[in-house]
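>>> What follows is a predicted protein model with its sequence.
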Amino acid sequence: MKKSLLDKILIILIFLLSSPCILNGQTKIPPKNLELLNQGKKLYEKNCIPCHGIKGDGKGQLGPSLNPPPRDFNLPFKQWPYSKGDLRKVFQIISKGIPNTSMIKWDHLSEQERWGLVYYVVEYSASKSPLKKK
């Protein structure tokens, strides 16, 4: 009986450790949905506005005192310096922070909450269309 239970545990561990997400250190991207966006909005309003501002433009109350300045999420997503259009990189930045900046890690938030923030901040970029020069 004990051997059978140990065998099952071993099989489960082997399966989990051989998962591509674990081996590559990559997190599976959940599908974007309204629940995640709403959760991200609430977290952004609670935690991010002081630096990134209500408009996501990096002009929060603390923004001027930070060096380098907070990210402006209104820029086209592919032009964001650290993530360059990669949702996983945005997730990693939220999870681990950015060394030598004021961007702290938010790893105390659940994975779902961090994905909510990812999708919410990317919306700032998606909702803006480039200005046409006349």
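The structure has been received and is ready for your questions.

>>> Please report the distance of the most centrally placed residue in the chain from Asn38.
Nearest to the geometric centre of the chain sits Phe91, at 2.8 Å (C-alpha atoms, centre = their mean). Per C-beta to C-beta, to the nearest Å, Phe91 is found 18 Å from Asn38. C-beta coordinates here come from the backbone N, C-alpha and C atoms, glycine included.

>>> before we move on, the earlier item: what helix or strand is the residue nearest to the centre of the chain located in?
helix 87-96 (DSSP states H and E).

>>> per-residue confidence for the residue lying closest to Lys78 once chain neighbours are set aside?
Nearest in space to Lys78, with sequence neighbours left out and distances taken as C-beta to C-beta, 6 or more residues apart in numbering, is Gly85 at 3.7 Å. You'll see Gly85 listed with a pLDDT of 91.

>>> What of Pro81?
We have a pLDDT of 88 for Pro81.

>>> again with Ser4
71.

>>> Pull up the gap between it and His52, please.
Computed with C-beta to C-beta, the distance linking Ser4 and His52 is 53 Å.

>>> Neighbour count: the two, which is higher?
Here Ser4 and His52 are compared on neighbour count by other C-beta atoms under 10 Å; more neighbours surround His52, at 24 against 8.

>>> Can you find the helix or strand of this structure with the lowest average pLDDT?
Counting by mean pLDDT, DSSP states H and E, the chain has its least confident helix or strand at helix 20-23, which shows a mean of 42.

>>> Provide a list of residues in contact with Asn38.
Gly116 (C-beta atoms under 8 Å, 6 or more residues apart in numbering).

>>> what about 10 Å?
Shown in contact with Asn38 (C-beta atoms under 10 Å, 6 or more residues apart in numbering): 116, 119-120.

>>> Next: Lys89.
Applying C-beta under 10 Å, 6+ apart to Lys89 gives the contacts 80, 82-83, 118.

>>> Report pLDDT for it.
96.

>>> From Pro64, how far out is the spatially closest residue to Asp72 that is not a sequence neighbour?
Distances taken as C-beta to C-beta, 6+ apart put Gly58 closest to Asp72, at 4.1 Å, once the chain neighbours are dropped. Using C-beta to C-beta, Gly58 is found at 10 Å from Pro64.
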